[in-house]
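Peer 1: Structural data only, the sequence is not supplied:
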Ligand SMILES: [Zn+2]
């Protein structure tokens, strides 16, 4: 087996690994870079807008991989995606349409949701799904996915076997989320006789976490709700399902109402068939705030009937204003937030729980909060493994691997 790491070895994300065995070739992940060649943060929209595949190859955004792209003769047998974060699948729309893409069911649903709301050209419905721990054979490759704990829902690692060699590709993972047991299980019983280990290391070089794990985040959200005399806002990705579950549990414990938006109600409904443990729009203490922007997206995607499905749980401003100290509203977008706040009669002293990477707090958001008396509190834990967990993981594979 021959391994070519096209991208992702010295950067966070943008992963792309090519494996060859005999005449067959497969890819592991095909992600959009997060940083450019100088390590500066990278505007993927501006870099790709209106550009042809040739232009994107010239700018080095697309690696030179013969037989991968639209318009070429197909030369890659399959692409395996670890999870639904852009830095792992974000370049898929450029690949030859006859190359099959394999992914977990949950990750496929989440990419499809992004298509409904933003429409960036991914044909997620055509992706084929794999099940954790069920080996899949394509040509000389046997590929076995395993579910891992990560902020990306339903994320896989992959064990690849071909030509008598074994490669393990961890994908992004951690050991402090709601599925932390998965890392313990992997460490207790790692795939043996690995010839090559490709492991994530996104937290290398970063400092200690303020919140050690998802449990600590959950406990802090619960405490904020318990102390709250105002409406509380939660800034978090609607696709960070671990965090949504933590927030919902905190609401149940404090008998608060978790006000989600149509986007999140849709995300959760799409994942209902993947896990029946995930909160749904009609569960106790959940209500749905309709915003025009999200309703329009569902109508455009031919999903107008969902508005009728969600409607019995709809919550409007008068009810929010009457029950402010019992409400936590999910807010996910800096630009929409002022519109959400506008109709609440008083937000002075309200807490905005910022539950994503703190670099996402824009100057405009900070100013808006100062102007309106809102207090921002950072309550977040990383989606990636801590250094000690990376070490535990590597040690499990045997002495020959050193971090
Ligand atoms: Zn990820």
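Peer 2: Happy to help now that I have it. Quick caveat: nothing in here was measured; it's all calculated off a predicted structure.

Peer 1: what comes into contact with the helix-or-strand element of the chain with minimal mean pLDDT?
Peer 2: Sorting the helices and strands of the chain by mean pLDDT, DSSP states H and E puts helix 44-48 at the bottom, at a mean of 85. If you take Cβ atoms under 8 Å, 6 or more residues apart in numbering as the criterion, helix 44-48 is touched by 32, 33, 56, 59, 61, 86, 90. Heads up, the C-betas are built off the backbone N, CA and C, glycines and all.

Peer 1: residues in contact with the third one?
Peer 2: Okay, so that is residue 56. 48, 62, 94.

Peer 1: Could you report the separation of the spatially closest residue to residue 4 that is not a sequence neighbour from the ion?
Peer 2: Distances taken as Cβ to Cβ, 6 or more residues apart in numbering put residue 18 closest to residue 4, at 4.3 Å, once the chain neighbours are dropped. Separation of residue 18 from the ion (Cβ to the ion, to the nearest Å): 20 Å.

Peer 1: Which helix or which strand is home to residue 18?
Peer 2: strand 16-21 (DSSP states H and E).

Peer 1: how about the helices in the protein?
Peer 2: With DSSP state H applied, the chain shows helices at 44-48, 53-58, 86-89, 105-117, 181-188, 214-227, 241-254, 262-270, 292-300, 305-310, 317-322, 337-342, 363-372, 387-396, listed in chain order.

Peer 1: does any part of the third one sit near the ion?
Peer 2: Spelled out, that is helix 86-89. No - Helix 86-89 lies out of reach of the ion by Cβ under 5 Å from the ion, never closer than 6.1 Å.

Peer 1: helices or strands next to that helix in the packing?
Peer 2: In terms of contacts (3 or more Cβ pairs under 8 Å, 6 or more residues apart in numbering; DSSP states H and E), helix 86-89 is packed against strand 24-30.

Peer 1: which other residues reach the strand it packs on?
Peer 2: Taking Cβ under 8 Å, 6+ apart as the rule, strand 24-30 contacts 8, 15-19, 65, 67-68, 75-82, 88-92, 95, 138-141, 143, 158, 160, 162, 169, 171, 198.

Peer 1: What about the residues you listed, which are in strands?
Peer 2: 16-19, 78-80, 138, 141, 143, 158, 160, 162, 169, 198 (DSSP state E).

Peer 1: Buried only: go through those for me.
Peer 2: 16-19, 78-80, 141, 143, 158, 160, 162, 169, 198 (16 or more other Cβ atoms under 10 Å).

Peer 1: Tell me which two of the residues you listed sit farthest apart.
Peer 2: Farthest-apart pair in these is 16 and 162; separation 18.2 Å (Cβ to Cβ).

Peer 1: ok, so what distance separates the residue sitting nearest the centre point of the chain from the ion?
Peer 2: Nearest to the geometric centre of the chain sits residue 152, at 3.3 Å (Cα atoms, centre = their mean). Distance, residue 152 to the ion, by Cβ to the ion: 4 Å.

Peer 1: Which residue comes closest to that residue once chain neighbours are left out?
Peer 2: Nearest one to residue 152, counting by Cβ to Cβ, 6+ apart, is residue 83 at 3.7 Å.

Peer 1: The one you found contacts residue 173, correct?
Peer 2: No - with contact defined as Cβ atoms under 8 Å, residue 83 and residue 173 do not form a contacting pair (9.4 Å).

Peer 1: which neighbours do those two share?
Peer 2: Common neighbours of residue 83 and residue 173 (Cβ under 8 Å, 6+ apart) are 150, 155.

Peer 1: And these two? Which one has more around it.
Peer 2: Taking neighbours as other Cβ atoms under 10 Å, residue 83 and residue 173 compare with residue 173 leading, 31 against 28.

Peer 1: Need the phi and psi values for the residue in the stretch 301-403 of the chain that the ion sits nearest to.
Peer 2: Nearest to the ion in the stretch 301-403 of the chain, going by Cβ to the ion, is residue 383, at a distance of 5.8 Å. The phi/psi pair for residue 383 (degrees, to the nearest 10) reads phi -80, psi 0.
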